[in-house]
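Participant: Got a sequence here, can you model it:
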Amino acid sequence: MLFLRNMEVHCIYGIDYDSNIYVIKGEKTTIVDCGTGLHSKYLTDEISKITDLKDIKQIILTHEHYDHCGGVKDLFEKTNKNAKILAHEKAADKIEKGESDFAKMLGGAMPKMPIDTRLKDNDEVTIGDEKFQVLNTPGHTPGCICLYNPENKVLISGDTIFAYGSFGRYDFPGGSIAELKKSIQRLEKLDVSDIYPGHESIVKNDGNSHLKKSLENIGNIF
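Facilitator: Residues are numbered from 1 along each chain as shown. Model prediction:
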């Protein structure tokens with residue numbers, strides 16, 4: 001459990017190909033990303049240690065890849081079908097159609113999941129008790145988003161950037177190194193202390209240096 005100034009973020013690290021899953025409690029208890037769904041029992045058991053599943057008000061998907069949203073339908077049903085599903089407008093169609101070649105490669109299936117709210121760049125969403133800005137950060141996929149809370153200097157970065165100067169792949173369908181570089185340039189201008197990425201380790205108290213390193217690294221490629 002990681003305590004911030006006005007909120008707490010719980011990270012459930014992904015198993016195998018699963019993304020990290022974040023639980024943020026508050027007036028609007030929120031899950032960010034859901035993994036592939038191949039480990040749904042583990043995920044729901046871990047979430048249940050943090051909060052009652054029926055208290056989850058919304059599930060936000062950072063992008064349309066199977067490793068982040070394959071588990072959304074199962075988790076939604078565990079909330080007694082009360083949670084609202086949010087994703088960027090450019091990710092929504094694929095999620096609603098259940099399109100994923102990656103899912104087939106892993107022997108899974110992408111569920112067809114209706115999106116309640118199609119997010120746009122610069123929208124504001126309440127997560128827990130805090131306001132977050134929605135930043136569309138294409139490059140890994142067209143529908144990638146990051147979620148930024150300036151008061152706590154918190155960035156939930158999906159697969160746009162990771163710790164230690166790493167960043168998302170741009171060689172999948174819909175990816176673009178030029179767009180990803182622009183997205184990282186945008187993020188590097190923010191005041192960030194803590195980064196909660198879609199995979200691997202969390203960054204605490206030193207987010208800006210990691211963002212700067214990501215920009216340097218992609219600049220060495222493109």
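Participant: In contact with Ile31, which residues?
Facilitator: Applying C-beta atoms under 8 Å, 6 or more residues apart in numbering to Ile31 gives the contacts Ile21, Tyr22, Val23, Ile47, Ile56, Gln58, Ile59, Ile60, Leu75, Ala83. Backbone N, C-alpha and C define where each C-beta goes, glycine included.
Participant: 7 Å instead?
Facilitator: Ile21, Val23, Ile56, Ile59, Leu75 (C-beta atoms under 7 Å, 6 or more residues apart in numbering).
Participant: Buried subset of those, written for PyMOL?
Facilitator: Selection of buried members from the contacts of Ile31 for PyMOL, criterion 16 or more other C-beta atoms under 10 Å:
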select buried, resi 21+23+56+59+75
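Participant: Just give me the closest of the contacts of Ile31 to His65.
Facilitator: Ile21 (13.9 Å; C-beta to C-beta).
Participant: Name all residues that make contact with Pro111.
Facilitator: Pro111 neighbours (C-beta under 7 Å, 6+ apart): Val72, Lys73, Gly98.
Participant: what do you get for Leu75?
Facilitator: Taking C-beta under 7 Å, 6+ apart, we find Leu75 in contact with Ile31, Cys34, Leu43, Thr44, Ile59.
Participant: now do 6 Å
Facilitator: Contacts for Leu75 (C-beta atoms under 6 Å, 6 or more residues apart in numbering) come out as Cys34.
Participant: which SSE is it in?
Facilitator: Element membership of Leu75 [criterion: DSSP states H and E] is helix 72-78.
Participant: Buried residues of that helix, list them for me.
Facilitator: Result for helix 72-78 [16+ other C-beta under 10 Å]: buried residues Val72, Lys73, Asp74, Leu75, Phe76, Lys78.
Participant: Just put the contacts of Ile31 in JSON lines and tack on distance to Phe172, pLDDT and secondary structure.
Facilitator: Converted to JSON lines, the contacts of Ile31 look like this (distance: C-beta to C-beta, whole Å; pLDDT from 0 to 100; DSSP: H, G, I helix; E, B strand; the rest coil):
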{"residue": "Ile21", "distance to Phe172": "21", "pLDDT": "98", "secondary structure": "strand"}
{"residue": "Val23", "distance to Phe172": "27", "pLDDT": "98", "secondary structure": "strand"}
{"residue": "Ile56", "distance to Phe172": "29", "pLDDT": "98", "secondary structure": "coil"}
{"residue": "Ile59", "distance to Phe172": "23", "pLDDT": "98", "secondary structure": "strand"}
{"residue": "Leu75", "distance to Phe172": "24", "pLDDT": "97", "secondary structure": "helix"}
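Participant: mean confidence score for the helix or strand harbouring Tyr42?
Facilitator: For Tyr42, the host element (DSSP H and E) is helix 40-48. Mean pLDDT, computed over helix 40-48, is 96.
Participant: which residues sit against that helix?
Facilitator: The contact list for helix 40-48, computed with C-beta under 6 Å, 6+ apart, reads Ile12, Val23, Gly35, Gly71, Asp74, Lys78.
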